[in-house]
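> Predicted model and sequence follow; I will ask about them next.
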Amino acid sequence: MQGQHRPSCAKRWREHATAEQWAVERTVDAIHGCCGVSRLRAHRLARGWTLGTAVAEFRACAPRRA
């Protein structure tokens, strides 16, 4: 595949995956394979997260520094 697809392509995959009750990992694989994005971005798109939401989720998981 050449180039990246538009975010609407990932949205269609996410909607299909939700309807079919796919695991997040399967949705990530589909988005990564079809849309030409990194696995990290595919994880974000599979969840429907904005960049800001992804950062907030990461910070919530990261240990606090003193």
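Nice, I can see it. In this text the structure is predicted, and so the values were computed from the model without any measurement.

> going forward, measure contacts and count neighbours with C-alpha atoms only.
Will do.

> List the buried residues of stretch 35-42.
By neighbour count on 16 or more other Cα atoms under 10 Å, the buried set for stretch 35-42 is C35, G36, V37, R41, A42.

> Kindly format the C-alpha coordinates of that stretch as PDB.
Listed next in PDB are the C-alpha coordinates belonging to stretch 35-42 (Å, rounded to 0.1, in the frame of the first residue of the first chain):
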ATOM      1  CA  CYS A  35      -4.400   2.200   6.300                       C
ATOM      2  CA  GLY A  36      -0.600   2.200   6.200                       C
ATOM      3  CA  VAL A  37      -0.100   3.600   9.700                       C
ATOM      4  CA  SER A  38       2.200   2.500  12.500                       C
ATOM      5  CA  ARG A  39       0.900   0.000  15.000                       C
ATOM      6  CA  LEU A  40       1.000   2.800  17.700                       C
ATOM      7  CA  ARG A  41      -1.200   5.000  15.600                       C
ATOM      8  CA  ALA A  42      -3.400   2.000  14.700                       C
END
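
> can you give me the offset of that stretch from its chain's centre?
Between the centre of stretch 35-42 and the centre of its chain there are 7 Å (Cα atoms, centre = their mean, to the nearest Å).

> ok, and what's touching that stretch?
M1, Q2, G3, Q4, H5, R6, C9, A10, V28, D29, I31, H32 (Cα atoms under 8 Å, 6 or more residues apart in numbering).

> Greatest separation within these: which pair is it?
Q2 and V28 (18.4 Å; Cα to Cα).
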